[in-house]
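Visitor: kindly generate the corresponding structure for this input.
(2 chains, ligands or ions: 2)
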Amino acid sequence: MTAAVKEPSMLLQKEMIAGNYEAITSAPETGRKVSSTFVPGNLNELLMCFGIVNNLPEINAIQNGMRRLSGDYIMEAEKGGHSEDVCTYVKADIGMMGRGNIAPNGKPFPDPDVLLLSYTGCYTFMKWFELLRAEYKCPTLMLHVPYTGDGHVTPNMIDYVVKQLKEVIIPGLEEVSGVKFDIDRLREILALSAKAEDDLVWCLESGKHKPSPIDAYFGGVYYIGPIFTAFRGTQEAVDYYTALRREVQARLDAGQGPTTPDGSVLTDQKYRLVVEGPPNWTSFREFWQMFVDEGAVVVASSYTKVGGMYDLGFRHDPADPLRSLAEYCLGCYTNRNLPSRVDILAQYVEDYQADGLLVNSIKSCNSFSAGQLMIMREVERRTGKPGAFIETDLVDPRYFSPANVKNRLESYFQMIDQKRRGANKAA
Amino acid sequence: MDMPVSKAGAIARRCEAIVDDLSFQAARDWKAAEPGRKVVGFLPVYVPMELIHAAGCLPLGLFGGGDRIEVIHGDAYYQSYICRIPRSTIELGVTGRLDFVDGLLFPFVCDVIRNLSGMWKVMFPDVWTKFFDTPQNFDPEIGGAYYVNELRELRADLERLTGRDIPDAALRASIALYNENRRLVRAVYDARAAEPWKAPAADVYVVMRAGLMMPVEEHNALLADYLAALEIEDRPRKDNVRVAIFGSFCEQPPLALLKSIEMAGCYVVEDDYALVNRFITEDVATDGDPLEALSNAYLRHSVETSCKYVPNEADKGRFHVERVKETGAEGVIYAAPSFCDPALLDRPMICGRLSEAGIPNMSFKYAENSGQMQPIREQAGAFADSIKLWS
Ligand code: SF4
Ligand code: SF4
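Guide: Ligands and ions are numbered 1, 2, ... in the order given. Next up is the predicted model:
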């Protein structure tokens, strides 16, 4: 297989993630404390206040998926008594532990000093860290973020999250790190977060142009890398998003589309899609290429919002740091109720002038998947644009069937063509 | 010739008819008996039924369609890898079987039921629908304060639904009635644990499930009758082993499955089927602020189950081990619905703790419409035999 061609920003974010793996695996020498925590609702800014390195198990699972190690890890976990029915991220993580817990840089992961259980929008998180806690026997700090079941954040929810931050999370992190909390430091960090968030939003919204200078799903997972992981709140992230913005602007100026894995530039965009759901990681390039081959570009996606819905206006706010962290956690995509998700997706289809909504339904993930068929139908009904549904998994290669996915995509594109012909006739 | 039906058996058959009735005629009749009455349904695992009762509404437990409904529409809403209960619940909704239900509560248990609350809002916009979250922080000042406010919100919602206030006194009276209910429920469970041959698992099950479909006053009377009937029940005692069932708190197994376990040589002496009426383990205070009282009961006196976080590692599975000891169970069958994240993610931890405590355990998966009982009978039979052999 030839190496994938990447945009400069993709290479840069790869370096950043590699740097974070170095920081994690060298913790035994540097003496830095290590936390494990989840991507949605992650409190990177807070961890930075205590000098704690941030290790994100989903990112490890993704890395292992892309490097085709996850299949074995999942089997290992299933052999150990974990059900074939549950989220494969959890099993990839547990299986990796069983195989020596080796990081992508080839060095062993140190045991975490703290599990920061930011429980945001996914039930599995709670059990995942109960399972890890049983292994590591380390302090576990639970931040319960209530679900916005009625479609809005209430003052009671904010108070509850802020109180937990003040009385559970911050004292807990002080104890683990031996560093005293400094709210002014947090303010400084949050100001940097907001800056990077501005540029990220600008980049994601460039998908509204025709041709789109970005792919907001496959390319999008690279673009969100720094901000969703250990870099939100750092100068590095600010610089990354400035560079990314320049890169996207240059393509816009040149009327160019995004670079694709085979090195071509997808400027002739026949189909514009909004995609709901996480991607498949084990066949990521192959999956992406299927879209490229058909001339399909993704102009907006929900997966790029799991770590924060900045495009809806949210910014981390140095003026009210803890409240802002609470609002951030409460507003992540999967913490929003289904009617809100329908609204968001239907709006994307309109605002990004898409041909329709494609759902990639993930076997592992009830948080995303339970209800997606209704979401698809409802978005179709509201926008009058056809939807399509494919099923894959995140990191379990057993659930990626290229032929099926390809077939589905092809018939979807035919459906869009038909719809266009119909519209032309009527006009 | 059929055995004459005992008094306990007759009560159970009456309850079974209620549970089996997917048109919910008993609840419909209750509603029709007086103008203005409202029915508020709820899904597993726990809601404070006291509040619904105090609002003058009938709390109606909805646990899917079991094996008695043909799911036609529901499957179009769910992928194959999602459990059965949401699809049969959708089926109940779209076929009009729940058209008399005025409000629906979707408690926190997992992301499937959580998301179903949003689907209901979209699909049935005229029904008052609420996702009911319970805290995962158990400090009265933090999780407790949040929960009291959530209960206040629920109370206000119910007041809007009925157009009537819910005074504290009414809520206290409802709490007292549910305390009575919990005491009677515990008494039935204790009686069964003492003499399981008198109270078949499937009978106790329907007696409990039917209680979630009728006014609590009626259920209290029924439970008292059932307890009295159990005392005079005369059934032969078999050489069965005593087992506890865990993992079955949400989607319910078909009755045939419960019967199969017993036929395989197991007496069920403890279970977490339709846990709602055993979720709170002690009386809720009837003095002071009733919302505080409900909150404290949840924080301090509720069972360990998969929809709750366990703050201390050492406590994980403790509840299960203790219940096994208290009920004298000789082994545990961990029976989880297929594709059930809560039960299946918890399984290695709970079963690990049981094994550490020297309690034999086995597990299998089921669905509410499981039809093939033979494999389960064989597994449960082999499990019973192994216990007999080694104990
Ligand atoms: S269930 Fe979904 S959101 Fe939760 S950990 Fe798995 S993939 Fe992530
Ligand atoms: S059976 Fe399990 S997965 Fe399904 S709704 Fe109930 S708790 Fe959730």
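
Visitor: could you pull out the helices in the stretch 1-150 of chain B for me?
Guide: Ranges of helices within the stretch 1-150 of chain B are B:7-20, B:25-33, B:49-54, B:85-94, B:111-123, B:145-162, based on DSSP state H, counting those that start in this stretch.

Visitor: and these as TSV, adding distance to ligand 1, mean neighbour count and mean pLDDT?
Guide: (C-beta placed from N, C-alpha, C; glycine too.) Listed next are these as TSV, based on distance: least, C-beta to the nearest ligand atom, whole Å; neighbours: other C-beta atoms under 10 Å in any protein chain shown; pLDDT from 0 to 100:
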stretch	distance to ligand 1	mean neighbour count	mean pLDDT
helix B:7-20	32	18	98
helix B:25-33	35	15	98
helix B:49-54	30	25	98
helix B:85-94	16	24	97
helix B:111-123	7	25	98
helix B:145-162	23	19	98
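
Visitor: which helix or which strand is home to the spatially closest residue to residue B:53 that is not a sequence neighbour?
Guide: The spatially closest residue to residue B:53, leaving aside those adjacent along the chain, is residue B:174, at 4.3 Å (C-beta to C-beta, 6 or more residues apart in numbering or on different chains). With elements taken from DSSP states H and E, the one containing residue B:174 is helix B:168-194.

Visitor: so which elements touch that helix?
Guide: helix B:49-54, helix B:201-211, helix B:216-232, strand B:266-271, helix B:290-300, helix B:318-327 (3 or more C-beta pairs under 8 Å, 6 or more residues apart in numbering or on different chains; DSSP states H and E).

Visitor: what number of residues lie near residue 320?
Guide: All of this is about chain A. Look at residue A:320: counted by other C-beta atoms under 10 Å in any protein chain shown, it has 14 neighbours.

Visitor: let me rephrase: I mean chain B.
Guide: 29.

Visitor: likewise for residue B:371?
Guide: Neighbours around residue B:371, by other C-beta under 10 Å: 9.

Visitor: the residue lying closest to it once chain neighbours are set aside: what's it in contact with?
Guide: Spatially, and ignoring its direct neighbours in sequence, residue B:371 is nearest to residue B:67 (7.0 Å; C-beta to C-beta, 6+ apart). Going by C-beta atoms under 8 Å, 6 or more residues apart in numbering or on different chains, residue B:67 touches B:254, B:256, B:368, B:369, B:370, B:371.

Visitor: narrow the residues you listed to those that are buried.
Guide: By neighbour count, with 16 or more other C-beta atoms under 10 Å in any protein chain shown, the contacts of residue B:67 hold B:254, B:368, B:369, B:370 as buried.

Visitor: so which of those residues are in strands?
Guide: Counting by DSSP state E, no part of those is found in strands.

Visitor: from the residues you listed, which is closest to residue A:24?
Guide: Residue A:24 lies nearest to residue B:368 out of those, by C-beta to C-beta, at 44.2 Å.

Visitor: I'd say the closest one and residue B:69 touch.
Guide: No. Residue B:368 is beyond contact range of residue B:69, at 9.1 Å (criterion: C-beta atoms under 8 Å).

Visitor: list the residues that contact both of these two?
Guide: Common neighbours of residue B:368 and residue B:69 (C-beta under 8 Å, 6+ apart) are residue B:88.

Visitor: re earlier: state the pLDDT value of the residue nearest to residue B:371.
Guide: What the model reports as pLDDT for residue B:67 is 93.

Visitor: against residue B:26, how distant is it?
Guide: 20 Å (C-beta to C-beta, to the nearest Å).

Visitor: now residue A:132
Guide: Distance of residue A:132 to residue B:26, given as C-beta to C-beta: 47 Å.

Visitor: kindly report the same for residue B:98.
Guide: From residue B:98 to residue B:26 the distance is 14 Å (C-beta to C-beta).

Visitor: and if you look at residue A:161?
Guide: On the measure of C-beta to C-beta, residue A:161 and residue B:26 end up 42 Å apart.

Visitor: tell me, how many residues neighbour whichever residue of the stretch 101-250 of chain A sits closest to chain B?
Guide: Residue nearest to chain B within the stretch 101-250 of chain A: residue A:149 (2.6 Å; C-beta to the nearest C-beta). Residue A:149 has 22 neighbouring residues, counting by other C-beta under 10 Å.

Visitor: what's the pLDDT at it?
Guide: On pLDDT, residue A:149 comes in at 97.

Visitor: was I right to think it contacts residue B:130?
Guide: Yes. The criterion here is C-beta under 8 Å, and residue A:149 meets it with residue B:130 at 6.7 Å.

Visitor: now do the shared contacts for the two.
Guide: Shared contacts of residue A:149 and residue B:130 (C-beta under 8 Å, 6+ apart): B:106, B:117.

Visitor: rewinding a little: out of the contacts of residue B:67, the closest to residue A:370 would be?
Guide: Distances from residue A:370 to the contacts of residue B:67, taken by C-beta to C-beta, are shortest for residue B:368, at 16.3 Å.

Visitor: show me what contacts the closest one?
Guide: Residue B:368 neighbours (C-beta under 8 Å, 6+ apart): B:64, B:65, B:66, B:67, B:84, B:85, B:88, B:251, B:252, B:253, B:254, B:337.

Visitor: any idea how far residue B:67 is from the nearest residue to the last one once chain neighbours are set aside?
Guide: By that I understand residue B:337. Nearest residue to residue B:337, sequence neighbours excluded (C-beta to C-beta, 6+ apart): residue B:251, at 3.9 Å. Distance from residue B:251 to residue B:67, counting by C-beta to C-beta: 11 Å.

Visitor: buried stuff in the longest helix seen in chain A?
Guide: Ranked by residue count and defined by DSSP state H, the top helix of chain A is helix A:402-426. For helix A:402-426, the neighbour count (16+ other C-beta under 10 Å) marks A:405, A:406, A:408, A:409, A:412, A:413, A:416 as buried.

Visitor: any regions of chain B where pLDDT drops low?
Guide: Scanning chain B for pLDDT under 70 picks out the ranges B:1-3, B:391.

Visitor: near ligand 1, which residues of it?
Guide: With the criterion set to C-beta under 6 Å from any ligand atom, chain B never comes near ligand 1.

Visitor: spatially central residue for chain B, please.
Guide: By C-alpha atoms, centre = their mean, the mean C-alpha position of chain B lies nearest to residue B:274, the distance being 1.5 Å.

Visitor: I'd assumed residue B:249 was in contact with it.
Guide: Yes. At 7.4 Å, residue B:274 counts as touching residue B:249 under the criterion of C-beta under 8 Å.

Visitor: what count of nearby residues applies to the closest residue to chain B within the stretch 201-350 of chain A?
Guide: Using C-beta to the nearest C-beta, the closest approach of the stretch 201-350 of chain A to chain B is made by residue A:338 at 2.6 Å. When neighbours are counted by other C-beta under 10 Å, residue A:338 registers 25.

Visitor: name the element residue 378 belongs to?
Guide: Using chain A. Secondary structure (DSSP H and E) places residue A:378 in helix A:372-383.

Visitor: that's the wrong chain, I meant chain B
Guide: In this assignment (DSSP H and E), residue B:378 forms part of helix B:374-390.

Visitor: distance from the chain centre to that helix, please.
Guide: Computed by C-alpha atoms, centre = their mean, to the nearest Å, the chain-centroid distance of helix B:374-390 equals 26 Å.
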